[in-house]
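J.: give the three-dimensional model of this entry:
(2 chains)
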Amino acid sequence: MIDTLIQGLLLGGLYALFALGLSLMFGVMRLTNTAQGDFIVLSAFAAIAIAPLVAMQPVAVAALLLPLAFGFGYALQRWVLNGTLGRDPLPSLVVTFGLSIVIQNMLLEVFSADPRSLDSGGFNTRSIGIGDGLAVGALPLAIFGVALLCTLALQSLFDHTKVGRAFRAVSDDREIAELMGLDAHKVYALATALAFIVIALAGSLQAMRTTVAPSDGPLLLLFAFEAVIIGGMGSFWGTFAGAMVLGLAQQIGFRLDPGWGIWFGHLVFLAVLVVRPQGLFPRTRT
Amino acid sequence: MSVTLVETHGLTAHYGDAQALFGIDFRLEAGEVVAIIGANGAGKSTFLKALTGLVRCARDAVRFRGQPVGSVAPGSIVRMGLAMVPEGRRLFPSLSVEENLLMGAFARRPGPWHLQRLFKLFPILEEKRCSPATSLSGGQQQMVAIGRALMGNPEVLLCDELSLGLAPIVIKEIYEAMPAFTSEGMSLVIVEQDVSVAQRVSQRMMCFQEGRVSLEGASNALTREQIGRAYFGV
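T.: Predicted coordinates:
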């Protein structure tokens, strides 16, 4: 029982990493990135491609991949997605949906349909005993730690820094924020750049933990989406909590029957939508 | 000779498909307080929005210190020294009082206004600096909106319906704070529904009617009858 709960929370950590970028982009500019999962897979393949160039050193991979992801996110928002924003949410949905298809097919073309993974030098099979005959995987624990750090970092950035104030201001009232001298397009680009840092972390860790294939994206998007909706879009901690709930639900489902895990996650997601459609931690703004 | 800060010449502007302004000629000299009155839909707010770049218009139609600024991005205009207190206050609901005020200083124009000075002018804001801006009363929110604009250290402050939805005693309190910034040479354009307030605080008045200027003159020289005719167009 305790084992199931621990495994559920650790799985939730992974889902939090999947979901934070989505939550960030939606929070700042009401943009639903339906290519979120595919960008995670894309960055996983980018990490797999970069790793042999730097002798499989994880730190070196991160040092190359993260700035690349930041720049990619910034450019994507500045020159592609900004043009889709407006009162109508449809253009951004259509464009990110299109990007999703483009990325899947491009990955298929370049890397073939074979599942691949990122070699972590044995880290993915190491485990740490926590007494009572229980052990947790070192990698899932590390993923949980990274998710916790990302959530903490994003939430503090939003609550306590000048950049965070700018994010909240453009989210509240773009016109007035521009009247104060903000360039909303640059603020949006910065938000997406940050989201892509988390996406790159999520992709690399997912590729270490398991295998990735070009067609994985939509399922990852679904988990990210469920975590954000369960959490309630109020804060990054809400998204984190939503991811925990989803991870626990799936793990309990797996325990009951190996085929029930993902289905159980969907059930809890639907139950939240019915009972508490605003999510567990909605925005408490008046 | 005084300096002309803001000038419009034959300014026309549209709001959606409808034309809202039909050739407005306007001048604001340094240190002047000009009030714009008029019925709902007369184009007063659209006029202010055209000055700040929120409504598109011809480049040459609006000049700030002689430079054409029509349709220039609002951010660039605020850096030149033109700030607005928007209609309905429009505070950022997820920002605290202090954070709202700091947003006003985003453009980093140097000048006499900073947080401490604002807190002296409106002491209640210091007390509530950490509260969410929208939890304040209407009058206090209006103080935040004015403070936010002042934090940008503008040369010209545009105020859109400061008295909207406020009790007379609160309106009086807010207008009493005005000399604190006009005495240092800041110029004001005030859009007001309340004609007597507009007449009391301004040196010059303009009345808008259906997107045109129907009356213009020194505030203390205009009679109630003249204003009434210009206001209702009868």
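J.: tell me how many other residues crowd the residue in the stretch 51-200 of chain A that chain B sits nearest to.
T.: Using C-beta to the nearest C-beta, the single residue of the stretch 51-200 of chain A nearest to chain B is A:Gly181, 3.4 Å away. Every residue, glycine included, has its C-beta placed from N, CA and C. The number of residues packed near A:Gly181 is 22, by other C-beta atoms under 10 Å in any protein chain shown.
J.: skipping adjacent residues, who's closest to it in space?
T.: Nearest residue to A:Gly181 in three dimensions, chain neighbours excluded: B:Ala107, at 3.4 Å (C-beta to C-beta, 6 or more residues apart in numbering or on different chains).
J.: distance check, that neighbour against A:Phe97.
T.: Relative to A:Phe97, B:Ala107 is positioned 38 Å away (C-beta to C-beta, to the nearest Å).
J.: read off the pLDDT value for the residue in chain B that chain A sits nearest to.
T.: In chain B, the residue that lies nearest chain A is B:Ala107 (3.4 Å; C-beta to the nearest C-beta). For B:Ala107, the model assigns a pLDDT of 86.
J.: got a list of what it touches?
T.: By C-beta atoms under 8 Å, 6 or more residues apart in numbering or on different chains, B:Ala107 lies in contact with A:Met180, A:Gly181, B:Gly75, B:Val78, B:Arg79, B:Gly152.
J.: the same query, at a cut-off of 10 Å, please.
T.: With contact taken as C-beta atoms under 10 Å, 6 or more residues apart in numbering or on different chains, B:Ala107 is in contact with A:179-182, B:75-81, B:83, B:151-154.
J.: out of the residues you listed, which sit inside helices?
T.: Secondary structure from DSSP state H places A:Leu179, B:Gly75, B:Ser76, B:Ile77, B:Val78, B:Arg79, B:Met80 of the contacts of B:Ala107 in helices.
J.: by neighbour count, which of these wins?
T.: A:Leu179 (29 neighbours).
J.: quick one on the thing from earlier: mind putting the ones in helices among the contacts of B:Ala107 into a markdown table with distance to A:Phe281 and pLDDT?
T.: Formatted as a markdown table, the ones in helices among the contacts of B:Ala107 follow (distance: C-beta to C-beta, whole Å; pLDDT from 0 to 100):
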| residue | distance to A:Phe281 | pLDDT |
| --- | --- | --- |
| A:Leu179 | 31 | 93 |
| B:Gly75 | 34 | 89 |
| B:Ser76 | 39 | 91 |
| B:Ile77 | 39 | 92 |
| B:Val78 | 35 | 92 |
| B:Arg79 | 38 | 92 |
| B:Met80 | 42 | 93 |
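J.: before we move on, back to that, the residue of the stretch 51-200 of chain A closest to chain B contacts B:Arg109, doesn't it?
T.: Yes: contact status for A:Gly181 versus B:Arg109: in contact at 8.8 Å, counting by C-beta atoms under 10 Å.
J.: hey, what's in contact with both of those two?
T.: Common neighbours of A:Gly181 and B:Arg109 (C-beta under 10 Å, 6+ apart) are B:Val78, B:Arg79, B:Ala83, B:Gly152.
J.: which one of those is nearest to B:Leu222?
T.: Checking these against B:Leu222 with C-beta to C-beta, the nearest one is B:Ala83 at 27.5 Å.
J.: around the closest one, how many other residues sit close by?
T.: Applying other C-beta under 10 Å, I find that B:Ala83 has 27 neighbouring residues.
J.: so what's it up against?
T.: Contacts of B:Ala83 (C-beta under 10 Å, 6+ apart): A:179-181, B:52, B:77, B:104, B:107, B:109, B:146, B:148-159, B:186.
J.: redo that, cut-off 8 Å
T.: B:Ala83 neighbours (C-beta under 8 Å, 6+ apart): A:Leu179, B:Gly104, B:Ala149, B:Leu150, B:Gly152, B:Pro154, B:Val156, B:Leu157, B:Leu158.
J.: so for A:Pro115, what's the pLDDT?
T.: Reported pLDDT for A:Pro115: 94.
J.: quick check: it touching A:Pro214?
T.: No: between A:Pro115 and A:Pro214 there is no contact under C-beta atoms under 8 Å: 9.2 Å.
J.: what about the two, which has more around it?
T.: A:Pro214 (24 against 14).
J.: on that earlier part again, so who does the residue of the stretch 51-200 of chain A closest to chain B touch?
T.: Applying C-beta under 8 Å, 6+ apart, the residues contacting A:Gly181 are B:Pro74, B:Gly75, B:Val78, B:Arg79, B:Phe106, B:Ala107, B:Gly152.
J.: wait, what's in contact with the second one?
T.: By C-beta under 8 Å, 6+ apart, B:Gly75 lies in contact with A:Glu178, A:Leu179, A:Met180, A:Gly181, A:Leu182, A:Asp183, B:Ala107.
J.: over to the first one?
T.: Taking C-beta under 8 Å, 6+ apart as the criterion, B:Pro74 is in contact with A:Glu175, A:Glu178, A:Leu179, A:Gly181, B:Thr52, B:Gly53, B:Leu54.
J.: ok, now the third one?
T.: For B:Val78, the set of contacting residues under the criterion of C-beta under 8 Å, 6+ apart consists of A:Leu179, A:Met180, A:Gly181, B:Thr52, B:Ala107, B:Arg109, B:Gly152, B:Pro154.
J.: among these, which are located in strands?
T.: When DSSP state E defines the strands, the subset of the contacts of B:Val78 inside them is empty.
J.: nearest to A:Ala249 among the residues you listed?
T.: A:Met180 (43.0 Å).
J.: on the three-state scheme, B:Ala35 is what?
T.: strand (DSSP: H, G, I helix; E, B strand; the rest coil).
J.: neighbours of it, how many?
T.: Quick note: B:Ala35 (other C-beta under 10 Å) scores 24 neighbours.
J.: could you measure it against A:Asp88, distance?
T.: B:Ala35 is 39 Å from A:Asp88, by C-beta to C-beta.
J.: over to B:Met178?
T.: For B:Met178, the distance to A:Asp88 - C-beta to C-beta - is 42 Å.
J.: equivalent analysis for A:Phe236, please.
T.: With C-beta to C-beta as the criterion, A:Phe236 and A:Asp88 are 27 Å apart.
J.: pull up the distance across stretch B:170-187, start to finish.
T.: 22 Å (C-alpha to C-alpha, to the nearest Å).
J.: please read the previous query as pertaining to stretch B:166-182.
T.: 22 Å.
J.: which parts of it are buried?
T.: B:Leu166, B:Val170, B:Ile171, B:Ile174, B:Tyr175, B:Met178, B:Ala180, B:Phe181 (16 or more other C-beta atoms under 10 Å in any protein chain shown).
J.: okay, those residues in CSV with secondary structure and distance to chain A next?
T.: Below are these laid out as CSV (DSSP: H, G, I helix; E, B strand; the rest coil; distance: C-beta to the nearest C-beta, whole Å):
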residue, secondary structure, distance to chain A
B:Leu166, coil, 19
B:Val170, helix, 20
B:Ile171, helix, 22
B:Ile174, helix, 19
B:Tyr175, helix, 23
B:Met178, coil, 21
B:Ala180, helix, 21
B:Phe181, helix, 18
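J.: can you lay out the residues you listed as a markdown table showing pLDDT?
T.: Putting the buried residues of stretch B:166-182 into a markdown table (pLDDT from 0 to 100) gives the following:
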| residue | pLDDT |
| --- | --- |
| B:Leu166 | 91 |
| B:Val170 | 93 |
| B:Ile171 | 92 |
| B:Ile174 | 92 |
| B:Tyr175 | 92 |
| B:Met178 | 90 |
| B:Ala180 | 88 |
| B:Phe181 | 85 |
